[in-house]
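Engineer: Have a look at this prediction, sequence included:
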Amino acid sequence: MKTSLTGIKPTHLPHLGNYLGAIRPALSLVDHYRTLYFIADYHALTTVRDAEALRGYIRDVAATWLACGLDPERTLLYRQSDVPEVFELAWVLSCLIATGQLERGHAFKDVVARGESPNAGIFNYPVLMAADILLYDTDVVPIGKDQKQHLELTRDVATRLNHSYGDGTLVVPEALIGEAPLVPGTDGEKMSKSKGNGIPLFEPSKKLRKVIMGIKTSSESLEDPKPAEGSTVYQLYALIAPGEAPEMKRKLEAGGYGWGHAKEALFEAVDAEIGPKREAYLAIRADEAQLDALLHSGADKAREIAHATIQRVRRAVGID
Ligand code: TRP
């Protein structure tokens, strides 16, 4: 089986968009790959400046993935920071990457374009990400389009290292660019924490219902036919309940079916899908000692792989 690796940056409590756009698709890979999922806590440090909040997000993210079905018996789940070998590899890689290549990084350029001065962590972000991937002999990395450039840099530097120091030192990974669905938030824009348009994943049903009832819609009267395609309510419904979606589309387009009805149906479908996961999440999140122990035992196994890679790299570059 090939190895697939995914990093998750713990910058906020995951929302429905994370579940539909990232978590659910990623968890479907376990049947086809040996899977490694890690919490990229050192990457989060480029933006999160509140220690207590970061501590919370790390556990929120781990508990969310576990509650959504990540089986730690089949998937290696660990914290990036529990495997410090990643920094050793990052240094070696950084000596093979031109600063110009990092200056062309999208994230780095975006910060500069906003007129802000990026910290060196943002500049070096892609180097640490390459080390995350290469440390574990990763064959494929499932990513969204926004991470494509990072993968290209990873492949580049791995190829360069192999070329300089011997083929087979590092595995050159492939990007697995999935058709990650675009999940709209309550205002119709892509759901994102920073836009404040998120639909919560594990808040109580009542709160969930309130947020869903607040989704922006067009203002036809109840009798009017309504456009399903392109409406936020229908798009979300199609992601949650694909089997029932054609029926909702028909009703909306026929008229006599209001946005309120559609939102009610959406709420019920979301609540049915995440209700059991919410229970699991609350239980996992409540037992921090057990959650931490689980992450540590994942890290022990991850370190075995990391150790072998770093030995190989050290020997290859002449530091052994
Ligand atoms: N940069 C990724 C993101 O923002 C997170 C990440 C860090 C990652 N290291 C990784 C993803 C390694 C895949 C592989 O989503």
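Structural biologist: Great, that's in hand. Residues are numbered from 1 along each chain as shown.
Engineer: got the contact list for the host helix or strand of Phe108?
Structural biologist: Phe108 is located in helix 106-113, with elements delineated by DSSP states H and E. Defining contact as CB atoms under 8 Å, 6 or more residues apart in numbering, one finds that helix 106-113 is touched by 102-103, 117-118, 122-123, 125, 146, 149. (Each C-beta comes from the backbone N, C-alpha and C, glycine too.)
Engineer: just checking, which of those residues belong to helices?
Structural biologist: Taking DSSP state H, the ones among these that sit in helices are 102-103, 122-123, 125, 149.
Engineer: what about the protein, any weak spots by pLDDT?
Structural biologist: Applying pLDDT under 70 to the chain flags no residue at all.
Engineer: Specify the residue ranges that define each domain of it.
Structural biologist: 3-183+287-317, 205-281 (automatic domain parsing).
Engineer: can you redo the ones you listed as a markdown table with mean neighbour count?
Structural biologist: Formatted as a markdown table, the domains of the chain follow (neighbours: other CB atoms under 10 Å):
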| stretch | mean neighbour count |
| --- | --- |
| domain 3-183+287-317 | 18 |
| domain 205-281 | 16 |
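Engineer: how close does Ala120 sit to Leu102?
Structural biologist: For Ala120, the distance to Leu102 equals 10 Å [CB to CB, to the nearest Å].
Engineer: Just want the residue of this protein that's nearest the ligand.
Structural biologist: Closest approach of the chain to the ligand (CB to the nearest ligand atom) occurs at Gly7, with a separation of 2.6 Å.
Engineer: Does Asp132 touch Ser81 like I think?
Structural biologist: No - contact between Asp132 and Ser81 fails when scored by CB atoms under 8 Å: they sit 11.3 Å apart.
Engineer: what's the helix ranked longest in the chain packed up against?
Structural biologist: The longest helix of the chain (DSSP H) is helix 288-317. Packing partners of helix 288-317 (3 or more CB pairs under 8 Å, 6 or more residues apart in numbering; DSSP states H and E): strand 34-39, helix 51-67, strand 75-79, helix 85-94, helix 148-165, helix 259-286.
Engineer: Reformat the ones you listed as JSON lines; add distance to Arg250.
Structural biologist: Shown next, in JSON lines, are those (distance: least, CB to CB, whole Å):
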{"stretch": "strand 34-39", "distance to Arg250": "39"}
{"stretch": "helix 51-67", "distance to Arg250": "34"}
{"stretch": "strand 75-79", "distance to Arg250": "40"}
{"stretch": "helix 85-94", "distance to Arg250": "52"}
{"stretch": "helix 148-165", "distance to Arg250": "38"}
{"stretch": "helix 259-286", "distance to Arg250": "12"}
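Engineer: Please determine whether the one helix or strand Val141 maps to lies in contact with the ligand.
Structural biologist: Using DSSP H and E, Val141 sits within strand 140-143. Yes - where contact is defined by CB under 6 Å from any ligand atom, part of strand 140-143 touches the ligand, namely 141, 143.
Engineer: Convert the C-alpha atoms of that strand to CSV, please.
Structural biologist: Output of strand 140-143 as CSV, limited to C-alpha atoms (Å, rounded to 0.1, in the frame of the first residue of the first chain):
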residue,chain,number,x,y,z
VAL,A,140,0.9,10.9,-2.1
VAL,A,141,-0.4,14.1,-0.4
PRO,A,142,-4.1,14.8,-0.8
ILE,A,143,-4.3,18.6,-1.1
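Engineer: Just give the closest residue to the residue lying farthest from the centre of the chain, not the sequence neighbours.
Structural biologist: Within the chain, Glu223 marks the point farthest from the mean C-alpha position, 40.9 Å out by CA atoms, centre = their mean. Leaving aside its sequence neighbours, Glu223 sits nearest to Gly255 (CB to CB, 6 or more residues apart in numbering; 5.3 Å).
Engineer: Confirm for me that the one you found is in contact with Pro227.
Structural biologist: No - between Gly255 and Pro227 there is no contact under CB under 8 Å: 11.5 Å.
Engineer: which bits of the stretch 101-250 of the chain sit near the ligand?
Structural biologist: So far as CB under 6 Å from any ligand atom goes, the stretch 101-250 of the chain lies against the ligand at 129, 132-133, 141, 143, 147.
Engineer: again, 8 Å this time
Structural biologist: 125, 128-129, 132-133, 138, 141-144, 146-147, 150 (CB under 8 Å from any ligand atom).
Engineer: Could you look up the SS state of Phe202?
Structural biologist: What DSSP: H, G, I helix; E, B strand; the rest coil gives for Phe202 is coil.
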